[in-house]
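[1] Build the 3D model from these lines:
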Amino acid sequence: MKGRKRHLLVDTVGLVHGLVVHAAHLSERAGAQRLLAQAGQPGRGLPRLERLWCDGGYEGLPQWAAAHCLFAVEMVERPAGTKGWVSLPKRWVVERTLAWLQRCRRLVRDYEYLPASSKAWIYLAMTGLMLRRLEP
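    I've put the predicted structure just below:
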């Protein structure tokens with residue numbers, strides 16, 4: 001997405017529990033730190049959160065989380081010597097959630113001026129997805 005980065009905190013089912021949308025000039029690590037700081041706030045509703053997995057783009061995040069958070073962050077790295085696309089364990093859950101969100105036409109292109117509006121549309125799309133799953 002041109003000009004924006006999205007960082008999602010999802011559970012093992014793929015439901016969004018945390019989200020940060022910010023300008024693209026900030027690093028991946030800075031965005032993830034914002035997300036983890038929000039998730040670690042008291043009363044945030046994630047008391048059972050114990051372990052997070054992240055990909056190689058978040059270099060140094062496990063060390064930062066060890067000092068600032070109550071949960072552990074583990075890096076999911078590519079196997080040595082592999083080329084091209086490789087399915088990484090645990091990472092595909094976030095990729096699947098992003099694919100579900102891309103079904104919402106409003107999220108395919110970035111029409112929003114404010115990151116808060118983009119964040120609201122992501123939550124709205126995820127709410128619609130969860131409601132469709134409740135139907136018998």
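[2] what does the helix or strand of the chain with the lowest mean pLDDT contact?
    Across the helices and strands of the chain, mean pLDDT, DSSP states H and E gives its lowest value to helix 105-108, namely a mean of 80. Residues outside helix 105-108 that contact it (CB atoms under 8 Å, 6 or more residues apart in numbering): 101-102, 121-122, 125. For the C-beta atoms, the positions are set from N, CA and C on the backbone; glycine is no exception.
[3] Show me which positions of the next helix or strand after it end up buried.
    Downstream of helix 105-108, the first helix or strand assigned by DSSP states H and E is helix 115-134. Buried residues in helix 115-134, counted by 16 or more other CB atoms under 10 Å: 115, 118-119, 121-122, 125-126, 129.
[4] Packing partners of helix 115-134?
    Other elements packing on helix 115-134 under the criterion 3 or more CB pairs under 8 Å, 6 or more residues apart in numbering; DSSP states H and E are strand 4-10, strand 16-23, helix 91-101, helix 105-108.
[5] Output these in CSV, with mean neighbour count appended to each entry.
    Shown next, in CSV, are those (neighbours: other CB atoms under 10 Å):
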stretch, mean neighbour count
strand 4-10, 18
strand 16-23, 18
helix 91-101, 15
helix 105-108, 13
